[in-house]
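> take a look and give me a structure for this.
(one chain, ligands or ions: 1)
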Amino acid sequence: MEPAAPATSHTAAVATPSITDREFALFQALIYRESGIRLSEAKKILLARRLGGRLRELGLGSFGAYYRRLKGREGRQERTRMLDRITTNETHFFREPRQFEFLEHRLVPEWKRAAASGERARRIRVWSSACSTGEEPFSVAMVLLRYLPPGSGWSLEVLATDLSTRVLESARRAIWPIEKVREIPEVYLRSFMLRGKRSQLGWIKAGPRLRSVVSFRHQNLHDPLHAVAGPFDLVLCRNVLIYFDSRSKIAVLDHLIDQLAPAGHLFVGHAENVAGTTRELCTVIPTVYRVGQLQGGRTLPESCEHRRSAQKGSGG
Ligand SMILES: C[S@@+](CC[C@H](N)C(=O)[O-])C[C@H]1O[C@@H](n2cnc3c(N)ncnc32)[C@H](O)[C@@H]1O
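Have a look, this model is predicted:
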């Protein structure tokens, strides 16, 4: 989606240097400190490839020189750029369809029932905590708008955050290549997406109603200041925990779970789980978790008690 970066005068002149083991170790440590992302030895070539273009743009002859630039007084902005290049941003609309079925057929009806009986306000807050180019938060927003329309008194808020400023900019524009229509069920496509015409041909764009529900913010999940505050009814942290080591993953999970409302839900990716968290969670279906305390003071289901005691000895 991003236009290719224009070649600078350095591009032709300087070939990408190879990265030494020592340089790789320095980058590994820096990236871990900055983002919680743990790069294994196997990622050495990938790292060199992803950062090689930046070295060429800057006319730098070695990864050591680039490292010194990153650590220098002016390095902060460059560190953001570097993280932009090393993050993996693959995403889709309605990714992990079982979670969207769960949202439509279980969660939304539960929220509606609770609101009708006066147990909760007609207000839903969702946090898409590694939103990439926006497909995830906009998918959730489409479901919310369809079933909980503001015209019926619902107030909807989807906060979309990511470490990468590049993907956030793209998400904010809310424009995607037309091929993306394949990922969006017809009913949502017709109601919420606009097809580009003339100069916009080949693109789709989120309509104004959809855009009004989603807001964006730069947020590093690994940042101990953790500026985003709940309570949220639903937090999505999908396909990002896999990049963290166990320590970072548990710290991130504990913080996210602390931002959930009572009976709030957490969605993680299909290859992820919440092992090691010190917080009380029930598994509702695989990859969907709910805060331990159920609404109305009912006792925890057997599966929750079980999971909790199993966790105590696991230590992560
Ligand atoms: C593979 S994408 C997943 C996007 C979306 N959640 C999904 O499942 O389709 C991973 C995203 O996590 C973001 N990310 C990586 N480390 C992060 C961190 N420390 N804090 C916030 N976002 C991070 C990346 O920038 C990237 O956009």
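
> confirm V126 sits in a strand?
Yes - V126: assigned to a strand according to DSSP: H, G, I helix; E, B strand; the rest coil.

> where does it land on pLDDT?
pLDDT for V126: 98.

> from the ligand, how far off is it?
With distances taken as Cβ to the nearest ligand atom, to the nearest Å, V126 is found 13 Å from the ligand. Heads up, the C-betas are built off the backbone N, CA and C, glycines and all.

> please apply the same query to A114.
27 Å.

> L256 now?
Distance from L256 to the ligand, by Cβ to the nearest ligand atom: 11 Å.

> setting aside sequence neighbours, what's the nearest residue to P231?
A261 (3.7 Å; Cβ to Cβ, 6 or more residues apart in numbering).

> and the strand or helix carrying the one you found, anywhere near the ligand?
Here A261, judged by DSSP states H and E, is contained in strand 260-268. No - Strand 260-268 stays clear of the ligand (Cβ under 6 Å from any ligand atom), getting no nearer than 9.0 Å.

> for that strand, which strands pair with it and how are they oriented?
Partners of strand 260-268 in the sheet, by DSSP bridges, are strand 232-237 (parallel), strand 288-291 (antiparallel).

> need the ones you listed in a markdown table (columns: mean pLDDT and distance to the ligand).
What follows is those, written out as a markdown table (pLDDT from 0 to 100; distance: least, Cβ to the nearest ligand atom, whole Å):
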| stretch | mean pLDDT | distance to the ligand |
| --- | --- | --- |
| strand 232-237 | 98 | 6 |
| strand 288-291 | 96 | 14 |
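
> rewinding a little: what's near enough to touch the residue nearest to P231?
A261 makes contact with 125, 230-233, 291, according to Cβ atoms under 8 Å, 6 or more residues apart in numbering.

> rewinding a little: now the strands paired with strand 260-268 in a markdown table, with mean neighbour count and distance to A206?
Output for those, formatted as a markdown table (neighbours: other Cβ atoms under 10 Å; distance: least, Cβ to Cβ, whole Å):
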| stretch | mean neighbour count | distance to A206 |
| --- | --- | --- |
| strand 232-237 | 25 | 17 |
| strand 288-291 | 22 | 25 |
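
> what about R50, neighbour count?
Number of residues near R50 (other Cβ atoms under 10 Å) recorded here: 16.

> which one is it nearest to, not counting chain neighbours?
R85 (4.9 Å).

> what stretches of the protein score poorly on pLDDT?
1-15, 224-226, 293-316 (pLDDT under 70).

> which positions in it make contact with the ligand?
35-37, 87-91, 95, 130, 132, 136, 162-164, 167, 220-222, 238-240, 243, 269.

> restricted to buried residues, select those residues in ChimeraX.
A single ChimeraX command selects the buried members of these (16 or more other Cβ atoms under 10 Å):
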select :35,36,37,87,89,91,95,130,132,136,162,163,164,167,220,221,222,238,239,240,243,269
